[in-house]
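Asks: Any chance you could fold what I've pasted below:
(2 chains)
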Amino acid sequence: MRKILLLSIFLCFQWLFASAQGDLRLKWDSPETDFREFAAKAEQQLNIRFYYKEEWISDVKVSLQPGYYSLQSVLDMLFAGKSLHYYIDDERNVILTLNFGIKTTGAPAGDETAYMPPSQYADENSSDDDSGNLYYDIGNAAEKDKAGDVTVSGYITDRDTHQPVSGVTVFVAKNSAGTISNEHGYYKITLPRGTHLLQYTFIGMKEKQVNINLFSSGELNIEMNSMLIPIKETVISAEKNVMFQRFEVGMEKINVSNFKLLPSPMGEADIFKNVLLIPGVQSVGEGSAGFNVRGGSADQNLILLYGSPVYNASHLFGFFSSVNSEVIKDVTLYKGGIPARYGGRISSVLDIGTRDGNRQEFAGKAGISPITTQLMVEGPVIKDKLTYMLAGRSTYSNWMLHMFDNSSLKNSSASFYDLNGKVVLDIDKNNKLDLSFYNSHDAFRFNSDTLYAYDNNIVALRWRHFFSNSLFSQITFNNSNYRYNISSTDPAEEAFMMSHRINSTSAKADFNWFMGRHELNFGSDLIRYSVLPGKYMPENDSSLVVPQIIDDEHAYEAGIYVDDKFIVTEYFSVNAGARMSSYLVTGPGNILIYDPDQARSILSVMDTLSYSKGRIYKTYGGPELRFSLNFRLSAKSSLKLNYNRTRQYIHLLSNSTSISPSDTWKLSDYYLKPQTGDQYAAGFYKSLPKGIEASAEIYYKSIRNIVDYKGGTKLVMNSSIERDLIDAEGKAYGFELMLKKQEGTYNWSIGYTYSRTLLRTTGKNSEEIINRGEWFPANFDKPHDLTVTFNYLYSRRLSFSANYVYNTGRPITYPVASYSVGNFMLIHYSDRNRYRLPDYSRLDLSLRYNGNLRSKRIAHPSWTFSVYNILGRENVYSVYFRKEGNVVNGYKLSVFAKAIPSVTYSFDF
Amino acid sequence: MRILKLILYPGLLLILSGCVTKFMPEIDESRELLVVEGIITDQNETNTIRLTKSSPLDRKNTIKPVLKCIVNLSDDLGNTWLLKEKGNGYYVTDSTVFRGVLGRSYTLRVDTRNSLPNGYNYESDPVEMKPVPEIDRLYYERVLIAAETDEAPAKEGCEVLLDTRDSGEGCSYFRWDYTETWEISLPYDVTNKICWVTNNSSQILLKNTSHLSQNNISAYPVTFISNETDRLENRYSIFVRQYSISEQEYNYWSRMQTMSEQTGTLYDVMPSSVQGNMNCIEDPSEKVLGFFSVSAKKTKRIYVDELFSGLPALYKDCAVDTVGPTGKIPNLGVSLWIIIDGSYEIPPYRVLTDKKGCADCTVRGTTKKPAFWESEYKHQE
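Replies: Numbers count the residues shown, from 1 in each chain, chains lettered A, B, ... in the order given. Here you go, the predicted structure:
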């Protein structure tokens, strides 16, 4: 009988704006009863329908003398002094609301004393605009004259997917007050009582404005519309105030729909290509695995999927990211100001947020591109309670490679797939459980018989519990496993299989507590690492390879953290936090002790220490402070200062320029100290006229205990790796300038970054010194970096976009001379990274045309024409040298050396 | 919501095949650097040091000897020997006055101020002469490259291996080089029919036994004689020299080895300049290349006389023309040579070749039989 309507507020709220009903006359002849019975009678008599939650009206008693009453007056009387409100629409629906009332009115915002009485509904049609017309009464009107500030809180969800939207800026211009929704979509803002205009903004979402009459603390849940659904009505709205509201300096949030629109080389939407457009993020070369953030090496980025670290996030030698873009909801990159809840890497955190399955209906998506085919299905098992989402992607590049009449391609193979799955269970309103898994596999062989294969496996279980409207908790358990095998069967007697594996299991508890002007985050985590550094085994019976296994490494990393976002005044807020991390290396292990006065070598071994299983033999750790100050200089500009320290206990050993498929992870141990980074950053943000936003960030970073390598040493299957490692320190500094306009017919952005990253060895022995102990540029030191993007919406059906990238070539060590010793011709190299590759420059264009826009039509085709590298510039990927006869010849390899056109046809139905 | 995505794509493989073009970077370091090479051994022989200059990268690597230098050798007891210039950049010890002694440390000094405009004094780190065990066994094994088929006989190669036993002297870094000599015999009755060809090793041969409890080396592959050459055709001999080197020298060579394996991907080990053991006295930043080695030396020679199957007939495509017995042959001895003189056959004829190597074995070797060449064959047909 009673329908419970989950009242939602969304933009096309047509029925709200209809005129209110005239008086409804109710004939009453019953004795005292409860509200439920009253409603039933009223529904019967007046052909109306009530919507409410049982718990709201349990204590509402109705005792009326028999007679005729106006329904409205009865309700007014019943709800007087309670936080209940009602609204009667055109369709004779009576909607009860708790803590806020619904009205349609054109009353101006800004008059703090003029309250709209809950029952006074203006008979006024409103336009389809988003702002200024919806009025909500929040709290109990009886409390309107009490003293003190009150709070508005609630959940923000996506209207289409019913999923919480995190990172939404809630802003009240009049008071310059603001907050950001947390990862559960929850927000809470403290305001004086009175009338306010609340603005909700988020990248990729339509901005939403809501007027409220704030009587006392109450709830306001908001649904927001994704704006990048090209067929439907498109309104581009600015991310106004987004940057001003952030407490973190150097945080970037990318919405998945944004990056799907950018031109990509093979029609495959790729998250990493987008991350690379962010100022301060660079890569060593086109198609190289990993990225470098503000002068950090690629292993200093914590890439999180389902809250678990991904140890190798690339497919096909690094040309694609290994996370399917179909499962991504949003991506947050912290390049500075890393929140205290993250630890373990010193440069950045890339947190990949994933979508839940559709809560309402079964849905699916199939796609085919030149590289992959993919399929995604999602839907509810129990509507609004239990949902699933499964996505798989696989390549058929093997088949493509073999079609070509090129022997080196015929001898090559490359295949990969990845699978994602997620099941979400809403146990009740306050408990949500989700279980996710991820698996990726790669196998490739490049014109040789050596097969490289690697796998990532992640399983994660998360329990979210809401203690109250202001205290949230999240408990996560996960396991992430990465392993690779390199095998070769030629020659048969040397057939081998080399394996490496890293496995981490972690448990993490996070709490999020809103207390007035404070938002407190605290929690702890524990990670157990187990690493198989290397195993070298004969591949078959005829192989003569002697098996070699380097002992496993084991360690624990534990952390506790607390941070407080404290809004001191309207113009000043502080975010102060600390993370205490500790790291324990446990046995079994045999440690060689070297003569401290000599370079570590077999000759300087003095002793061996043996530790039994589980015995802790080395500990590291310490506090990591995270601190930022946020000054609002005016309504349109703000200044932020930030300091953070980070520690990293696991390292990727790589003495090649880019992350290579044979690189191994190494835990800090007796000799290898954790890397420590300190970053100081300042940012200035300003809104300019015409919707242009300007930002400037400057940073300085110092890093201790960077791992470098003695020239020309092998790192795989090296059981005494400490002899080949060199201690180095690093400094990185630079500034990032950004101008962007994201509303209107034209929108564009220009980002320029100047950055330097320098390293210096700190060893004493000649073998441990590179370039005489002077500062030298790191492999990814590219001082100038310019990124320009441009979008032009010619009409609703036709849009054009372009992006241009320029950067300085990466440093390289060139051979400078050849010489003969005996019969050998040898090559003499320059100082490390003394030279640079030629500069990199690339322009991409794309044109998108929508076939028709009639929303009633079943199918919506659209065409995208794009050209990657339209100038056909032969950007240098790498340079190498070969001895040919008695001459050394240099060659350069360009990867996307020609303009690469592609046509994408999408069909949405 | 369902989306069906179709992408039409013309040029995918442009990408995967990449694009390689010749590229010579601009290098601002064109200075020629001094290169020092040579080894001092414990044998009663002349030790040779060679001084040359490096070639800038974009030029041919030609040997540019450094002449008129003052080169001397001293030991840790204060003795000094002056090396005699022999021309072409070679400087030699006098075997009547100098012989390396085990356990002594030697230092090489080179003064190039008389010979180069920007000359300096150079000095090596002192290097101790370490003992080296005998080569226990130098031997070869027959290796099947391709099995016998109906059309072709089996192809066989020959792997030369060595064993060395730990003699308790504590050597754990080994280096070898070798000289191979083989007899060739042209299949024609020409004046220079039988020659001996000599070749020096061009691979860096190293072994580190420091991680082993005993410094035993077994079946170390010295060289593989493939089926493609005629080394195994008649008689082959290899002379292997075994050195015991310092860890410093081992690291020098092993890095050189690693860096010669560049393939052009971003996965290559990053190259770096490898520091030898010579230093410039006046200006420590002045680079000097090469390595001054000091080591005891043990040698061994073996012969390979066995028959191997499936060897190539290198001289099967020699004949280009057959001419009559008397006619004048233009360019005889310049671009045409006689390989078969059938002047006394009936009918008389002569067979010509345009490859001098088919008619004269001195193109590849020497007709002078090496002094060590043992005359008796261990196998006879």
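
Asks: So for stretch A:622-631, what gets flagged as buried?
Replies: The neighbour-count check on stretch A:622-631 (16 or more other C-beta atoms under 10 Å in any protein chain shown) flags A:624, A:626-630 as buried. All C-beta spots, glycine's among them, are computed from the backbone N, C-alpha and C.

Asks: And these, which is closest to A:Glu557?
Replies: Nearest to A:Glu557 among these: A:Glu624, at 12.4 Å, using C-beta to C-beta.

Asks: Kindly report the residues of the stretch 101-250 of chain B close to chain A.
Replies: B:172, B:177, B:200-202, B:204, B:210-211, B:247 (C-beta under 8 Å from any C-beta of the partner chain).

Asks: can you name the two of those residues that are farthest apart?
Replies: B:Asn200 and B:His211 (30.0 Å).

Asks: For my notes, please list the buried residues of stretch A:622-631 in CSV and give distance to chain B, pLDDT and secondary structure for each entry.
Replies: Written out in CSV, the entries for the buried residues of stretch A:622-631 read as follows (distance: C-beta to the nearest C-beta, whole Å; pLDDT from 0 to 100; DSSP: H, G, I helix; E, B strand; the rest coil):
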residue, distance to chain B, pLDDT, secondary structure
A:Glu624, 31, 95, strand
A:Arg626, 34, 93, strand
A:Phe627, 37, 91, strand
A:Ser628, 36, 90, strand
A:Leu629, 41, 90, strand
A:Asn630, 40, 87, strand
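
Asks: Adding distance to B:Tyr303, write the residues you listed out as CSV.
Replies: Output for these, formatted as CSV (distance: C-beta to C-beta, whole Å):
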residue, distance to B:Tyr303
A:Glu624, 70
A:Arg626, 75
A:Phe627, 79
A:Ser628, 80
A:Leu629, 84
A:Asn630, 85
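
Asks: what's the closest of those residues to B:Lys155?
Replies: Ranked by distance to B:Lys155 (C-beta to C-beta), those are led by A:Glu624 at 64.8 Å.

Asks: Tell me which residues touch that closest one, please.
Replies: Neighbour list for A:Glu624: A:340, A:343, A:578-581, A:644-647 [criterion: C-beta atoms under 8 Å, 6 or more residues apart in numbering or on different chains].

Asks: Spell out the residue ranges of the helices in the stretch 401-550 of chain A.
Replies: For the stretch 401-550 of chain A, the helices defined by DSSP state H, counting those that start in this stretch occupy A:407-410.

Asks: so where's it uncertain?
Replies: Low-confidence segments of the stretch 401-550 of chain A, defined by pLDDT under 70, span residues A:401-411, A:446-448, A:491, A:493.

Asks: switch the cut-off to 80
Replies: Applying pLDDT under 80 to the stretch 401-550 of chain A picks out residues A:401-414, A:445-450, A:469, A:490-494, A:516-517, A:542-546.

Asks: And the stretch 1-150 of chain B, by the same measure?
Replies: Low-confidence segments of the stretch 1-150 of chain B, defined by pLDDT under 80: B:1-20, B:29-31, B:57-62, B:145-149.

Asks: mind listing the strands in it by residue range?
Replies: For the stretch 1-150 of chain B, the strands defined by DSSP state E, counting those that start in this stretch cover B:3-8, B:19-22, B:34-40, B:48-53, B:55-56, B:64-65, B:70-75, B:80-82, B:84-87, B:90-92, B:105-111, B:121-124, B:127-128, B:135-146.

Asks: deepest of those strands, which one?
Replies: strand B:34-40 (a mean of 24; mean count of other C-beta atoms under 10 Å in any protein chain shown).

Asks: which helices and strands sit right next to that one?
Replies: Counting contacts by 3 or more C-beta pairs under 8 Å, 6 or more residues apart in numbering or on different chains; DSSP states H and E, strand B:34-40 packs against strand A:815-821, strand B:48-53, strand B:105-111, strand B:121-124, strand B:288-294.

Asks: With distance to B:Arg364 added, can I get those in TSV?
Replies: Listed next are the helices and strands packed on strand B:34-40 as TSV, based on distance: least, C-beta to C-beta, whole Å:
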stretch	distance to B:Arg364
strand A:815-821	22
strand B:48-53	25
strand B:105-111	36
strand B:121-124	38
strand B:288-294	30
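
Asks: of all those, which lies closest to A:Phe865?
Replies: Nearest to A:Phe865, of all the helices and strands packed on strand B:34-40, is strand A:815-821, at 43.5 Å by C-beta to C-beta.

Asks: Quickly check: the closest one near chain B or not.
Replies: Yes - judged by C-beta under 8 Å from any C-beta, strand A:815-821 comes into contact with chain B at A:815-821.

Asks: Specify which member of these is nearest to A:Ser488.
Replies: Using C-beta to C-beta, those come closest to A:Ser488 at A:Pro815, 28.4 Å.
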